[in-house]
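Undergrad: no sequence for this one, just the structure:
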């Protein structure tokens, strides 16, 4: 039986402490030894349950699904799930710089040896073995601001990899500016970071806002930070790599995105590492691209911010859910208590404006569970009329993850569905209740 979030305890200070908390809560399965090639299927078959598996021939086990749900995030922060969104929003609006630096508390510096790590090839068509949970820390030379974000790195050899950076995202912008001057970009990479840091690093903060300080704010200022190579990085990770993204070397790469589809092949920069630090009895943090954990990490910050922005516009908005069927990226359900008949249409247009990746938005009443696809379909079946409740918009900016969109211009068509009952007709659309007693 799964445990409950341990509300009222301190936020975790490290990935290792988070593993202990998951184990104590009955959330962690442990297995092995298994062959390295068996690890991807084991992760894929685990759903969203956290695991730690020993791998034949390697000293480090692989930890996975350690932040695959709101439940896991609440455990890390020591709060109830109902407090999670508010804690995240407050921290995003009020980042907290650490008051002082501490010792890194790791073994090193060591010669980097990526090939000694149990890094699996996750999918048959992958170009190689990928570090999938790497959080890259970089400092913008222009203004000294920091950036922390998730990136996948394909292992080339013991010291080098190929790093995927989404064009025009923050790390890519900082790297492009350095490369234009003929310079490499110095980086620090954490694998198995504190899950609070992972949650913040998955958030696309405004350019110049350091996501690690958002993590520190979520933890109430309790995170440790160490200065390495001129960067302030959080402590408490399993593996730390120091190196640089080369301005003069790139290789063709192709990987699986969060929808479980292959991205188009792209030339991506080579990253070269100079040193490596490890924790005592460290684990490698694995993450299955397109799996429940990947989708939760990428969608949770978007979901929370979109819900806030819609509620600021329409106070009747209760919840926003990015659906599993839409990859937790392309489709959303908005639950609301409408006050005007036009509110659902306003919510649809606003959602597409606030989140350009969305392709479909369904608006339902407050009595419909937005996380239950059957409940949402019931609302569509009984409260939606296409001739008056359907909104279709063409030529809109869309997501590069949608293969049906125009990949050259990133434009797509979008549709919204008003599946709410007309105001004042509650008796007609209300569901029957079972008699009690």
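TA: Thanks, I have it. Every value quoted in this text rests on a predicted model; they were computed, and no experiment measured them. Numbers count the residues shown, from 1 in each chain.
Undergrad: mind checking which helix or strand residue 377 is in?
TA: helix 373-383 (DSSP states H and E).
Undergrad: That helix: which residues count as buried?
TA: Using 16 or more other C-beta atoms under 10 Å as the test for burial, helix 373-383 gives 376, 378-380, 383. C-betas here are computed from N, CA, C, even on glycine.
Undergrad: Give me the contact list for the helix or strand that comes right after it.
TA: Per DSSP H and E, the first helix or strand lying C-terminal to helix 373-383 is helix 386-389. The contact list for helix 386-389 (C-beta atoms under 8 Å, 6 or more residues apart in numbering) reads 344, 417-419.
Undergrad: With neighbour count and secondary structure added, can I get the residues you listed in a markdown table?
TA: Below are the contacts of helix 386-389 laid out as a markdown table (neighbours: other C-beta atoms under 10 Å; DSSP: H, G, I helix; E, B strand; the rest coil):
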| residue | neighbour count | secondary structure |
| --- | --- | --- |
| 344 | 26 | helix |
| 417 | 22 | strand |
| 418 | 26 | strand |
| 419 | 23 | strand |
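Undergrad: What is the three-state secondary structure of residue 154?
TA: strand (DSSP: H, G, I helix; E, B strand; the rest coil).
Undergrad: Can you spell out which residues form a bridge with it?
TA: residue 130, residue 162 (DSSP bridges).
Undergrad: try residue 185
TA: In this entry, residue 185 is beta-bridged to residue 245, by DSSP bridges.
Undergrad: Neighbours of it, how many?
TA: 23 (other C-beta atoms under 10 Å).
Undergrad: OK, contacts around it?
TA: Residue 185 neighbours (C-beta under 8 Å, 6+ apart): 138, 174-175, 178-179, 244-245, 247.
Undergrad: swap in residue 169?
TA: By C-beta under 8 Å, 6+ apart, the residues touching residue 169 are 149, 204.
Undergrad: so how far is residue 275 from it?
TA: 26 Å (C-beta to C-beta, to the nearest Å).
Undergrad: Check residue 289 too.
TA: 27 Å.
Undergrad: where are the low-confidence patches of this structure?
TA: Scanning the chain for pLDDT under 70 picks out the ranges 1-8.
Undergrad: Any idea what residue 392 is bridged to?
TA: With DSSP bridges as the rule, residue 392 is bridged to residue 415.
Undergrad: all strands of the stretch 51-200 of the chain, in order?
TA: Taking DSSP state E, counting those that start in this stretch, the strands of the stretch 51-200 of the chain run over residues 62-64, 107-110, 130-139, 146-155, 160-163, 185-191.
Undergrad: in terms of contact count, name the helices or strands touching the shortest one.
TA: Which is strand 62-64. strand 50-55, strand 284-285 (3 or more C-beta pairs under 8 Å, 6 or more residues apart in numbering; DSSP states H and E).
Undergrad: Out of the ones you listed, which gets nearest to residue 310?
TA: Ranking the helices and strands packed on strand 62-64 by their distance to residue 310 (criterion: C-beta to C-beta) puts strand 50-55 first, at 31.6 Å.
Undergrad: Relative to the closest one, what are the paired strands and their orientations?
TA: Per DSSP bridges, strand 50-55 is paired in its sheet with strand 28-34 (parallel), strand 62-64 (antiparallel).
Undergrad: what's the first one in contact with?
TA: The one in question is strand 28-34. 19, 22-23, 42, 46, 49-56, 61.
Undergrad: hmm, try it at 6 Å
TA: 22, 49-54, 56 (C-beta atoms under 6 Å, 6 or more residues apart in numbering).
Undergrad: now, which of those residues sits nearest residue 434?
TA: residue 49 (33.4 Å).
Undergrad: so what's that closest one up against?
TA: Applying C-beta under 6 Å, 6+ apart, we find residue 49 in contact with 29, 65.
Undergrad: For it, give its distance to residue 42.
TA: Residue 49 is 11 Å from residue 42, by C-beta to C-beta.
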